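[1] I need the structure of the sequence given here:
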Amino acid sequence: MIRSRPANPGILTINGGSSSIKFALFEADGPLRRILEGGIERIGLPEATLRVKGMNQADNFSQPVTAPDHAAAVGVLMDWIEERLGHDALTAVGHRVVHGGPKYSKPQRITAEMIEELRRLSPFDPQHMPEEIRLIEVFYRRFPELPQVACFDTAFHHDLPRVAQLLPIPRRYEAQGVRRYGFHGLSYAFLMGELARLAGTDAAQGRVILAHLGNGASLAAVRNGKPVDTSMSFTPTAGVPMSTRSGDLDPGLFWYLARAENMSPKQFNEMVNSQSGLLGVSETSSDMRDLLDRETQDVRAAEAVALFCYQIKKWIGSFAAALGGVDTLVFAGGIGENAPIVRTRICDGLGFLGIELEEKRNLANEGVISAKTGRVSVRVIPTDEEWMIASMVCRVLGLTVEKEHEDE
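    Take a look at the predicted model:
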């Protein structure tokens with residue numbers, strides 16, 4: 001149980017998935033201060049669970065809840081917040097919206113007009129957008145006066161160079177909004193801010209490759225503080241292999257499977273998003289930790305890990321070419337932050353780019369893991385999309401915000 005309510009009204013951040021809602025609550029007076037975080041998982045199943053992690057050990061708990069859909073899950077969450085923190089606990093809600101399409105390049109306060117535009121964008125990402133819209137509407141019905149802000153995961157990449165935006169298909173589709181968008185933008189925006197704080201403005205203005213490696217994985221190339229390219233494309237399925245997503249594939253594969261197995265477009269979409277990547281190659285698990293534990297006994301696990309590392313290595317090389325070299329390489333995300341052996345395998349053989357690791361630092365997950373003899377600074381920076389959402393909400397609403405840092 002939370003022992004005390006925030007001293008000031010807070011910012012609630014919402015990150016809705018197909019069967020889960022992640023949330024965090026920040027005190028918004030002065031430096032953003034995280035009061036609690038948690039999630040409602042397995043929405044739509046009998047064993048749905050609310051888990052909360054607070055500032056003190058005694059605040060942490062997990063309990064079963066009834067959440068047949070996202071609307072019910074929001075009700076459970078808001079009931080709990082009001083019970084523990086009071087009716088006036090919130091100043092605003094910030095939502096991670098996966099796709100901003102060609103129109104939205106900045107966080108914005110949500111309006112009825114925006115909701116209609118997001119509905120039109122839903123075909124761009126039918127796996128996420130409908131539920132995200134539903135969450136916004138549920139909050140509005142319960143708290144019609146509470147400001148809500150949309151923070152778009154594509155916004156960081158909105159102004160990619162045109163050559164990086166274009167897809168080599170008939171030009172008429174561009175008029176329909178078909179282009180490279182890129183994702184993980186909230187994470188990349190946070191990482192660039194942290195890089196400037198930790199290494200200085202010159203480092204953040206240099207040639208930077210960011211590798212967000214988690215269940216979803218992508219890379220971004222940044223120069224002079226601006227995005228140059230990114231591995232994900234029109235959808236988050238593109239790029240490197242991920243936990244269950246395929247990454248880039250020969251487009252002719254769909255035509256082959258349609259003829260050979262009578263596979264429908266819906267079945268193909270399910271395969272490349274939910275049955276591929278680490279899970280598809282290993283046939284056992286989508287979790288990198290499981291695969292590393294099994295790789296010496298199971299060749300399928302070993303090949304899944306090898307393919308993941310090899311493809312990321314290739315993207316680093318291609319982005320170094322796009323940038324004309326590389327000054328800083330940043331690892332983030334669950335795998336990027338916590339799997340030293342994966343970082344080692346990705347960087348092995350990249351000495352020609354100036355990328356060399358100091359193994360003791362790497363094994364210890366230190367902030368700087370590059371060897372002194374390497375020309376490239378290699379860093380591990382924990383990402384924080386929730387803080388980024390909360391800070392964007394504060395900017396939109398005109399609240400002063402800065403970040404508290406425990407470790408400099």
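[2] so how many other residues sit close to Thr230?
    The number of residues packed near Thr230 is 29, by other C-beta atoms under 10 Å. (C-beta placed from N, C-alpha, C; glycine too.)
[3] need the contact list for it.
    Counting by C-beta atoms under 8 Å, 6 or more residues apart in numbering, Thr230 touches His157, Leu160, Ala164, Arg180, Gly182, Phe183, Ser218, Leu219, Ala220, Ala221, Gly239.
[4] Could I get the phi/psi values of Lys53?
    phi -120, psi 120 (degrees, to the nearest 10).
[5] quick one: the nearest residue to Tyr181 once chain neighbours are set aside from Glu337, how far?
    Once flanking residues are discounted, Tyr181 sits nearest to Thr154: 4.5 Å by C-beta to C-beta, 6 or more residues apart in numbering. From Thr154 across to Glu337, the span is 23 Å (C-beta to C-beta, to the nearest Å).
[6] Between these two, which has more neighbouring residues?
    Taking neighbours as other C-beta under 10 Å, Thr154 and Glu337 compare with Thr154 leading, 27 against 18.
[7] pretty sure the more buried one contacts Arg179?
    No - look at Thr154 against Arg179 with C-beta atoms under 8 Å: they stay out of range, at 10.4 Å.
[8] ok so, going back, so which of the contacts of Thr230 belong to strands?
    Judged by DSSP state E, these include Ser218, Leu219, Ala220, Ala221 as members of strands.
[9] closest to Lys22 among these?
    Each of these was scored against Lys22 by C-beta to C-beta, and Ser218 proved nearest at 18.6 Å.
[10] got the phi/psi numbers for Pro31?
    Backbone geometry at Pro31, expressed as degrees, to the nearest 10, gives phi -60, psi 140.
[11] How about it: which residues does it bridge to?
    For Pro31, the beta-bridge partners are Glu402 (DSSP bridges).
[12] That one: neighbour count?
    With other C-beta under 10 Å as criterion, Pro31 counts 13.
[13] do you know how far it is from Lys360?
    As judged by C-beta to C-beta, Pro31 and Lys360 stand 33 Å apart.
[14] how about Leu353, what does it touch?
    Ile316, Gly317, Ala320, Gly325, Val326, Arg375, Val376.
[15] Quick check, pLDDT for it.
    With respect to pLDDT, Leu353 scores 98.
[16] Also Met55?
    Model confidence at Met55 (pLDDT) stands at 82.
[17] nearest spatial neighbour of it, skipping sequence neighbours?
    Ile35 (6.5 Å).
[18] Buried residues of stretch 33-49, list them for me.
    Across stretch 33-49, burial judged by 16 or more other C-beta atoms under 10 Å covers Arg33, Arg34, Ile35, Leu36, Glu37, Gly38, Gly39, Ile40, Glu41, Ile43, Ala48, Thr49.
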